[in-house]
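Novice: here is a sequence together with a model predicted from it:
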Amino acid sequence: MALFKKRTVGKPGEWYYCLEHKKVEEGPECPAKDRIGPYASREAAQHAMDTAQERNLEWDTDPKWHDRNRPPAS
């Protein structure tokens, strides 16, 4: 008998995208370090990388974050 039970994180009905296996999974299958989510639906998890790319582009082009008129800090 095991003294310590391995606990999983997440629950059925939560969808994740596994970065290691490049697949959608429901609930905890892969370690949290290898997945992004949770998403409300399988379809949303399938588009996780597109969503991340769009958010990165928004961040990179946000004029409030990249203040080009400001002199560089010395």
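Specialist: In hand now; what should we look at?
Novice: for stretch 28-48, buried residues please.
Specialist: For stretch 28-48, a neighbour-count test (16 or more other CB atoms under 10 Å) marks 28, 30, 35, 37-39, 45, 48 as buried. No exception for glycine: its C-beta is placed from N, CA and C like everyone else's.
Novice: out of the residues you listed, the closest to E14 would be?
Specialist: The closest of these to E14 turns out to be P38 (CB to CB; 3.7 Å).
Novice: find the nearest non-adjacent residue to the closest one, please.
Specialist: Distances taken as CB to CB, 6 or more residues apart in numbering put E14 closest to P38, at 3.7 Å, once the chain neighbours are dropped.
Novice: verify the stated contact: that neighbour with I36.
Specialist: No - E14 is not in contact with I36 according to CB atoms under 8 Å; the separation is 11.8 Å.
Novice: now Q46: how far from Q53?
Specialist: Q46 sits 14 Å away from Q53, going by CB to CB, to the nearest Å.
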